[in-house]
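Participant: I'd like to go over a predicted model; first the sequence, then the structure.
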Amino acid sequence: MCDINKQVIRFLSSTPRFKLVVVTDKRMLVDLPMFDLGYHLSMFLKENDKLANKDLPFFIQEELTRLINQNIIHHPDFGDYICLSNIGILFERDLKVNVLQTLQRFSRNNLVILYWEGEIRGNKLFFLSENSKYSIDLSATNHIILS
């Protein structure tokens, strides 16, 4: 069993309210298929380019739920999980996605493993760099960060 498995199992054994694992080293995820959320959401937007801006947030939430639910995988040690990558699209202003609430919503019932390519300082994830105006504060969310 690789190191990530042991750390995730230990984290899950504490029965956290939110099951969020942030991973910064792609090599740790070699055995776990990743779901490229940015690619799939951008394909949805491209196919539905006629959606009115006022309706967009509703349809994005619906599509997010559909994509996540359809791509949940069962792991013998973790249970149901999804490993997400490329979530930068969620920061797009027109989509009006609260990224923290979205991660919390999906990590209540399933393990969410997030491959994070940005910077991390304490409990705060910065999109791309610490100078970014986009960040996620995980202080109130059960999580572990593996690097």
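Facilitator: Here it is on my side, so go on.
Participant: the helix or strand containing Thr65 packs against which elements?
Facilitator: In the assignment (DSSP states H and E), Thr65 maps to helix 56-70. Applying 3 or more CB pairs under 8 Å, 6 or more residues apart in numbering; DSSP states H and E, one finds that helix 56-70 makes contact with helix 37-47. C-beta: built from backbone N, CA, C; applies to glycine.
Participant: what angle separates the helix it packs on from helix 56-70?
Facilitator: Interaxial angle, helix 37-47 versus helix 56-70 (axes from the mean of the first three to the mean of the last three CA atoms, to 10 degrees): 130 degrees.
Participant: ok, and for helix 37-47, which residues are buried?
Facilitator: Judged by neighbour count (16 or more other CB atoms under 10 Å), helix 37-47 contains these buried residues: Leu37, His40, Leu41, Phe44, Leu45.
Participant: for Leu56, give me the pLDDT.
Facilitator: Leu56 carries a pLDDT score of 89 in this model.
Participant: picking up where we left off before, so what strands line up beside whichever helix or strand comes after the helix holding Thr65?
Facilitator: Per DSSP H and E, the first helix or strand lying C-terminal to helix 56-70 is strand 73-75. Using DSSP bridges, the strands paired with strand 73-75 are strand 79-85 (antiparallel).
Participant: now find how far off-centre the partner strand is within its chain.
Facilitator: 8 Å (CA atoms, centre = their mean, to the nearest Å).
Participant: may I have that strand as CSV, with CA atoms only?
Facilitator: This file holds the C-alpha atoms of strand 79-85, laid out as CSV (Å, rounded to 0.1, in the frame of the first residue of the first chain):
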residue,chain,number,x,y,z
GLY,A,79,-14.9,3.9,-0.4
ASP,A,80,-16.4,6.2,-3.0
TYR,A,81,-14.2,9.0,-4.2
ILE,A,82,-13.3,11.3,-7.0
CYS,A,83,-9.9,12.7,-7.9
LEU,A,84,-10.3,16.2,-9.4
SER,A,85,-7.8,18.2,-11.4
